[in-house]
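Colleague: have a look at this prediction, sequence included:
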Amino acid sequence: MLRTFVVPAVAGRPTGIALGVVIGVLLTTMAQAQTAPAQQAQPAKSPYVFASDGAVILNFIKADKTADFEMVIGKLKEALAKSDKPQRKEQAVGWKFFKAAEPGPGGSVIYVSIMAPAAKGADYSVSNILAEAFPTDALALYKTYSEAYGSPSQNILNLTLVTDLSK
């Protein structure tokens, strides 16, 4: 003999609605879980690639590490000069470092890196440029460079040209 389960009419509608809501929530959660890895797979955009007209990076360097920082910046200049990549040559043309007379937070020394014009789409990451030019020394150079930073370490500004007063 077969048994058939019969839902009473009074309990059927609310139970059906609740079951529908639960299934909807589960399906939505599953759909989000499936799309999340695809979104995470995309590499994060580097803050050192500029699509703007210019950029400024404020580097806050520990007062006792300025010689180390300047040594690495000298190697950066050398790396850009010896690169065969036209984009690296373009970066070197508009990239300048300045040292502020005013002290930074916590007695740090502020180095201002100005890219004007910025080579649009070029990677200005110091570690990547050093790794291209000095693959065997890159890790040691980056360690010296990163240990020179205070807190905060950097502020990066993407700039849009409003007016060029020279023209």
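Modeller: Ah, there it is. Residues are numbered from 1 along each chain as shown.
Colleague: contact partners for the nearest residue to residue 55 once chain neighbours are set aside?
Modeller: Once flanking residues are discounted, residue 55 sits nearest to residue 115: 4.5 Å by Cβ to Cβ, 6 or more residues apart in numbering. Every residue, glycine included, has its C-beta placed from N, CA and C. Residue 115 is in contact with 50, 54-57, 91, 94-95, 124, counting by Cβ atoms under 8 Å, 6 or more residues apart in numbering.
Colleague: one more pass at 6 Å, please.
Modeller: Counting by Cβ atoms under 6 Å, 6 or more residues apart in numbering, residue 115 touches 54-55, 94-95.
Colleague: again with residue 130
Modeller: Contacts of residue 130 by Cβ under 6 Å, 6+ apart are 79, 138, 141.
Colleague: the second one: what's it in contact with?
Modeller: Residues near residue 138 by Cβ under 6 Å, 6+ apart: 130-131.
Colleague: hmm, 8 Å instead?
Modeller: Applying Cβ under 8 Å, 6+ apart, the residues near residue 138 are 127, 130-131.
Colleague: now do it, the pLDDT please.
Modeller: For residue 138, the model assigns a pLDDT of 94.
Colleague: hmm, back to that, pull out the buried members of the contacts of residue 115.
Modeller: 54-55, 95 (16 or more other Cβ atoms under 10 Å).
Colleague: can you lay out the residues you listed as a markdown table showing pLDDT?
Modeller: What follows is the buried ones among the contacts of residue 115, written out as a markdown table (pLDDT from 0 to 100):
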| residue | pLDDT |
| --- | --- |
| 54 | 95 |
| 55 | 96 |
| 95 | 97 |
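Colleague: nearest to residue 46 among these?
Modeller: Of all these, residue 55 has the smallest distance to residue 46: 12.1 Å, by Cβ to Cβ.
Colleague: just checking, the closest one touches residue 156?
Modeller: Yes - Residue 55 lies in contact with residue 156 (Cβ atoms under 8 Å); the separation is 6.9 Å.
Colleague: need the contacts of residue 115 in JSON lines with secondary structure and distance to residue 152, can you?
Modeller: JSON lines is the format used below for the contacts of residue 115 (DSSP: H, G, I helix; E, B strand; the rest coil; distance: Cβ to Cβ, whole Å):
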{"residue": "54", "secondary structure": "strand", "distance to residue 152": "21"}
{"residue": "55", "secondary structure": "strand", "distance to residue 152": "17"}
{"residue": "94", "secondary structure": "helix", "distance to residue 152": "25"}
{"residue": "95", "secondary structure": "strand", "distance to residue 152": "22"}
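Colleague: okay then, goodbye and thanks.
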